[in-house]
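1. show me the folded form of this:
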Amino acid sequence: MLVNLPENVADLWTGPGALTGGFRAKLRSRTYGTAELNAAPDPEVRTVTTADGAELRVHSYGPADGDVIVFIHGWSCCLEYWNPQINAFAREHRVVAFDQRGHGASTLGSRRFEAEQLADDLSDVLDAVLPAGRKAVLVGHSMGGITIQAWAKFHPDQVTRRASAALLLTTTAGDIAAETRVLPLFNDIVPAPAWLGRALFGQPVPFPPGSPVRAIFKARLLNRHATADQVDFGLSIARSCRPLVRAKFALALIELEIHGAAASLCVPTAVVAGAYDNLLPESMSRKIADELAAAGNLARFSVLATGHLANIEASAQFNAELRNLIDVARHGRHAVAG
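-> Numbering: from 1, shown residues only. I've put the predicted structure just below:
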């Protein structure tokens, strides 16, 4: 049975029994033996306020005059999800990452979740972080990839003015309920009915502690060779998202469809999929790559030997893909066979 969530659930985040913001911040900032997973020090912090009152936490790293990379995280995550990339690129680039509304330390605002809302929030962040005449490489994972596609659809006039290139990582343009394989047993044997996905993902329940949850998280969202630190990092990031927000956004994402939006990304765009991605399988990324190729804007389509968290599971390979795209954007080269 689904729980009916109010349009604005901010008032349910606090109160008796609620996990505090400090606890969730601690989850986001855990220290790991794998150095690249740890938060980069001394970010420039700002708040971007949207027209409907959402306050978005934005962090910037690296030289102010460096080439700009903007990272957009996915569902149930926060800007710390990009720690491996922030640590790898902030020495030479101006690296920007932000919490999507309701996630991390960003508030929900009053607006209903939809593709145009995702697009407008990204536009507001770009307004705040991009000086006049500057462009950014936009990198989006999962819901972040949806955000970039939606931005191109609803703000096509901004694409060539604000973006030099884009990278879409383990993402989709819709059909999540029909194509996801993340549900155990059902998806391994027969397609899961849409109602089951809504019933499970639409429940505002926390991830309980213990090895069974950790094992399921690894088996369904990462690849079998993922390290203990990678699993713990991904799980801590997901746990830092409020359960009510996770449920609210999951139900909305299941219904979201923006097929064809990628055609408006008229800059070199790379697509990276995970060979073992159960949540948003490789075939979903391939459809987007085909749209980009038809429009003449596909820079590269690649498949890494990972699950859904490819930039964490195979950070060196993912970073190489991003560096290749930055080189494409910088030197004006375009389509590269994937």
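
2. contacts only, for the closest residue to residue 241 other than its chain neighbours.
-> Closest residue in space to residue 241, ignoring its immediate chain neighbours: residue 76 at 4.3 Å, by C-beta to C-beta, 6 or more residues apart in numbering. Using the backbone N, CA and C atoms, a C-beta is placed for each residue, glycine as well. Contacts here follow C-beta atoms under 8 Å, 6 or more residues apart in numbering; on that basis residue 76 touches 103, 237-238, 241, 246, 249.

3. do the same with residue 40
-> 61, 83, 86-87, 90.

4. just the closest of these to residue 231, please.
-> Nearest to residue 231 among these, counting by C-beta to C-beta, is residue 83 at 14.9 Å.

5. state the next helix or strand along the chain beyond the strand or helix carrying the closest one.
-> Using DSSP states H and E, residue 83 sits in helix 83-89. Next helix or strand after helix 83-89 toward the C-terminus (DSSP H and E): strand 94-98.

6. and that following strand, how far from the chain's centre?
-> 13 Å (C-alpha atoms, centre = their mean, to the nearest Å).

7. who does that strand pair up with?
-> strand 55-61 (antiparallel), strand 68-72 (parallel) (DSSP bridges).

8. can you tell me the SS state at residue 241?
-> The three-state label given to residue 241 by DSSP: H, G, I helix; E, B strand; the rest coil is coil.

9. picking up where we left off before, measure the residue nearest to residue 241 to residue 64 for me?
-> Distance, residue 76 to residue 64, by C-beta to C-beta, to the nearest Å: 31 Å.

10. with residue 36 instead?
-> 23 Å.

11. who's more crowded, the two?
-> Between residue 36 and residue 64, counted using other C-beta atoms under 10 Å, the more crowded position is residue 36 (18 against 9).

12. thought the more buried one was touching residue 88?
-> Yes - counting by C-beta atoms under 8 Å, residue 36 does reach residue 88; the two are 7.0 Å apart.

13. report the longest helix in this structure, please.
-> Counting by DSSP state H, the longest helix found in the chain is helix 315-331.

14. low-confidence stretches in the stretch 51-200 of the chain?
-> In the predicted model of the stretch 51-200 of the chain, residues 182-200 satisfy pLDDT under 70.

15. how about 90 then?
-> 175-200 (pLDDT under 90).

16. quick check, residue 215 in a helix?
-> Yes - counting by three-state DSSP, residue 215 is found in a helix.

17. how much space between it and residue 22?
-> 28 Å.

18. so where does residue 140 fall, helix or strand?
-> strand 136-141.

19. circling back: show me which of the contacts of residue 40 are buried.
-> For the contacts of residue 40, a burial check counting by 16 or more other C-beta atoms under 10 Å picks out 61, 83, 86-87, 90.

20. what number of residues lie near residue 119?
-> By other C-beta under 10 Å, neighbour count at residue 119 equals 23.

21. and residue 226, which of the three is it?
-> coil.

22. count of neighbours near it?
-> Counted by other C-beta under 10 Å, the residues lying close to residue 226 total 22.

23. residue contacts, it?
-> 218, 307, 313.

24. go through those residues and flag which are in helices.
-> Per DSSP H, the contacts of residue 226 map to helices at 218, 313.

25. can you map out the helices along the chain?
-> For the chain, applying DSSP H gives helices covering 21-28, 83-89, 115-129, 143-154, 156-162, 176-179, 186-189, 194-201, 211-221, 228-239, 243-255, 282-295, 310-313, 315-331.

26. closest one of the contacts of residue 40 to residue 29?
-> residue 83 (9.8 Å).

27. hang on, isn't that closest one packed against residue 37?
-> Yes - counting by C-beta under 8 Å, residue 83 does reach residue 37; the two are 5.5 Å apart.
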